[in-house]
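Peer 1: Pasted the sequence and its predicted model underneath.
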Amino acid sequence: MIIVDDVHKRYQTEHGPGKWVLQGVSLIIPPKVSVGLVGRNGAGKSTLLRLIGGVDHPNRGRIERGCRVSWPMGFGGGLQGSLTGRQNTKFVCRIHGHENDISHRIAYIQDFSELGEAFDEPVRTYSSGMRSRLQFALSLAVDFDIYISDEVTAAGDAAFRAKAAAAFTKLVNRASLIMVSHGEGTLRQFCTAGIWLDAGRAHWFDKIDDALKAYKESLPT
Amino acid sequence: MEAIRTPASITFSVWKALFLREAVNRLRTGRAAWLWLLLEPVIHIVSMMVIFTIIRMRVVGGIDVAVWLMVGMLGFFMFNRTATRSMNAITANRALFTYRQVKPVDTVLVRVSLEGFLMILIATILLCGAGLFGLGIIPVDPMAVLEAFFGLWLVGVGFGLMASVVTELVPEAGKIIEFLSKPVYFLSGAIFPIAVVPPPYREWLILNPVAHGLEAVRLGFAPHYHAIPELSVAYLYGFALASIFLGLALHYRFATKLITQ
């Protein structure tokens, strides 16, 4: 369960504080419910995911995580360019306390990311597709109760996307998802509930279809 | 389902992972990076030795100039590497704050530990190497040497903790700190004896805790060394503890701000 209580967020710009991105977002995401986040570009979807994932902090309000929440998957950071894929993998496993079965998890990540020999090359030599495949495999290899996904299903080529979708489906059985996607089909496939972000506020819908409908009605025709 | 980890165990696993990662980064980035870790102090020491030989200075403060230089230089590097490497720890590890287990203070603490660890290895290797050339490198009072080295490291830790926060919050401050720290090399008495400076000016120089540390290390190697009369190991440690406290306080106060965008 995640409690988001009256969260305000704005970013520092070069000219002082910017405009409010989130303005009083309050939500309760119940356990075992997968949620899709919809809203226009710049509505604050990624910002909200980053706040929930604990990567960034709200200016006002608070966020409570009563379970193991992943870092925002598909988000660009988290890999150090000068180190190899394997070294980055070891690091992520270690900080999540998976020291004992680390070789098992490394083997899984190497296999899933399909990096082959590039796994032992520095990450800065990777293409963006390779990077996101590694990031996706990393987050699957660590056990979480809630996975936060920012457009990760769009990573890689068609074959990898199919594989990622299959892995996601398997994931939904043991954990839940909070996801942003511009693919309606993806959202309907994985999510039951929906959140529509509009003008800095969040609206909760028990059904993802209602959230999509509200979102579409808000768009100028 | 595994047990929920305690905060202490999370912090410990973060430190371990960061330490291994920093060590790999430090020793493997660039060509023969590990060799340069050793060579940098060697180059400094040897070039200064050449200059001292040219000006025909054989003895400083009653001890062999080679030992005087080498010991002082190693002590200075202990402080300097710890301080400068940890100052940039937050910027260099920004990508890792994606994982909320990793806090800015962790990256600083891990870097100072790694630098301290590496400097102990480097100092041991270089001193043994100097021993092969017949220099008297067996300290008469090993405990005093360790105490002084540890004190210098602690000053570096305190400096790094404070400077890492300040440079992150006020980027311009980084440039000023860099500029101000240039003369520290000279003012610490690493390459000239502070004892020769006459009193009214020496009072200023001995405000610098690193100068106390270097004199204390030399005194530990050779008790007959004419250290500055104002030498106080208590001042070195007092300065170190005060700056560490202040540094940790800054990290605590700005913990959220450092990772907020």
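Peer 2: Sure, I can see it.
Peer 1: Following the chain onward from the helix or strand bottoming out on mean pLDDT in chain A, which element is next?
Peer 2: The helix or strand of chain A with the poorest confidence is helix A:158-174; it has a mean of 80 (mean pLDDT, DSSP states H and E). Using DSSP states H and E, the helix or strand that follows helix A:158-174 towards the C-terminus is strand A:176-180.
Peer 1: Taking helix A:158-174 as reference, get the angle to that next one.
Peer 2: 140 degrees (axes from the mean of the first three to the mean of the last three C-alpha atoms, to 10 degrees).
Peer 1: Can you list the buried residues in the helix or strand that strand A:176-180 is followed by?
Peer 2: Per DSSP H and E, the first helix or strand lying C-terminal to strand A:176-180 is helix A:184-190. By neighbour count on 16 or more other C-beta atoms under 10 Å in any protein chain shown, the buried set for helix A:184-190 is A:186-187, A:189-190. No exception for glycine: its C-beta is placed from N, CA and C like everyone else's.
Peer 1: Neighbours of A:H96, how many?
Peer 2: Residue neighbour count, defined by other C-beta atoms under 10 Å in any protein chain shown, stands at 24 for A:H96.
Peer 1: Now do the same contact list for it.
Peer 2: Counting by C-beta atoms under 8 Å, 6 or more residues apart in numbering or on different chains, A:H96 makes contact with A:142-143, B:13, B:99, B:101.
Peer 1: Give me the buried entries from those.
Peer 2: Buried among these (16+ other C-beta under 10 Å): A:142, B:13, B:99, B:101.
Peer 1: how about the residues of the stretch 101-250 of chain B near chain A?
Peer 2: Taking C-beta under 8 Å from any C-beta of the partner chain as the criterion, the neighbours of chain A within the stretch 101-250 of chain B are B:101-102.
Peer 1: Let's see that with 10 Å instead.
Peer 2: Residues of the stretch 101-250 of chain B lying close to chain A by C-beta under 10 Å from any C-beta of the partner chain are B:101-102, B:106.
Peer 1: Nearest to chain A among those residues?
Peer 2: B:Q101 (5.1 Å; C-beta to the nearest C-beta).
Peer 1: so where does the closest one fall, helix or strand?
Peer 2: With DSSP H and E as the criterion, B:Q101 is inside neither a helix nor a strand.
Peer 1: Please apply the same query to the one 10 residues further on.
Peer 2: Applying DSSP H and E as the criterion places B:R111 in helix B:104-132.
Peer 1: now do A:I3
Peer 2: Under the criterion of DSSP H and E, A:I3 resides in strand A:2-13.
Peer 1: Report the distance from that strand to the chain centre.
Peer 2: 17 Å (C-alpha atoms, centre = their mean, to the nearest Å).
Peer 1: for it, packing partners?
Peer 2: Applying 3 or more C-beta pairs under 10 Å, 6 or more residues apart in numbering or on different chains; DSSP states H and E, we find strand A:2-13 packed against strand A:16-29, helix A:45-52, strand A:60-65.
Peer 1: Would you mind finding the most buried of the ones you listed?
Peer 2: helix A:45-52 (a mean of 23; mean count of other C-beta atoms under 10 Å in any protein chain shown).
Peer 1: and it, is it in reach of chain B?
Peer 2: Yes: among the residues of helix A:45-52, A:47, A:50 lie within reach of chain B under C-beta under 10 Å from any C-beta.
Peer 1: what does stretch A:193-203 give?
Peer 2: No: using C-beta under 10 Å from any C-beta, stretch A:193-203 never reaches chain B; the gap is at least 17.4 Å.
Peer 1: Below-threshold pLDDT in chain A: ranges please.
Peer 2: Across chain A, the ranges flagged by pLDDT under 70 are A:74-77, A:152-156, A:221.
Peer 1: re earlier: show only the entries of the contacts of A:H96 found in strands.
Peer 2: Among the contacts of A:H96, no member falls in strands (criterion: DSSP state E).
Peer 1: packing partners for the lowest-mean-pLDDT helix or strand in chain B?
Peer 2: Among the helical and strand segments of chain B, the one scoring lowest on mean pLDDT, DSSP H and E is strand B:59-60, with a mean of 76. Counting contacts by 3+ C-beta pairs under 10 Å, 6+ apart, strand B:59-60 packs against helix B:65-87.
Peer 1: so what secondary structure elements neighbour the helix it packs on?
Peer 2: Secondary elements touching helix B:65-87 (3+ C-beta pairs under 10 Å, 6+ apart): helix B:33-54, strand B:59-60, helix B:104-132, helix B:142-169, helix B:171-181, helix B:184-187, helix B:209-221.
Peer 1: What average pLDDT does the last one get?
Peer 2: Along helix B:209-221, the predicted local confidence has a mean pLDDT of 89.
Peer 1: Tell me what angle the helix or strand following that helix forms with helix B:142-169.
Peer 2: Downstream of helix B:209-221, the first helix or strand assigned by DSSP H and E is helix B:233-253. Put simply, helix B:233-253 runs at 30 degrees to helix B:142-169, going by the same axes, to 10 degrees.
Peer 1: Taking their axis directions, helix B:233-253 and helix B:104-132 sit at what angle?
Peer 2: 150 degrees.
Peer 1: residue contacts, the residue most central in space within chain B?
Peer 2: Central residue of chain B (C-alpha atoms, centre = their mean): B:F79, 1.8 Å from the mean position. Applying C-beta atoms under 10 Å, 6 or more residues apart in numbering or on different chains, we find B:F79 in contact with B:115, B:119, B:149, B:151-157, B:159, B:184, B:188, B:190, B:209-210, B:213-214, B:240.
Peer 1: beta partners for the most centrally placed residue in chain A?
Peer 2: Taking C-alpha atoms, centre = their mean, the centroid of chain A lies closest to A:S149, which sits 2.3 Å from it. A:S149 has these beta-bridge partners by DSSP bridges: A:M73, A:M179.
Peer 1: quick one: pLDDT of B:V157?
Peer 2: For B:V157, pLDDT reads 95.
Peer 1: give me the number of residues near it?
Peer 2: Around B:V157 there are 26 other residues, counting by other C-beta under 10 Å.
Peer 1: Touching, it and B:G116? I think so.
Peer 2: Yes: with contacts counted by C-beta atoms under 10 Å, B:V157 reaches B:G116, the gap being 8.1 Å.
Peer 1: Quickly list what's touching both of these two.
Peer 2: B:T82.
Peer 1: returning to what we had before: how about the residue nearest to the centre of chain A, what does it touch?
Peer 2: Contacts for A:S149 (C-beta under 10 Å, 6+ apart) come out as A:34, A:36-37, A:49, A:70, A:72-75, A:136, A:139, A:164, A:168, A:171, A:177-181, A:186, A:190.
Peer 1: and what of B:T84?
Peer 2: B:111, B:115, B:156, B:159-160, B:163, B:177-178, B:181.
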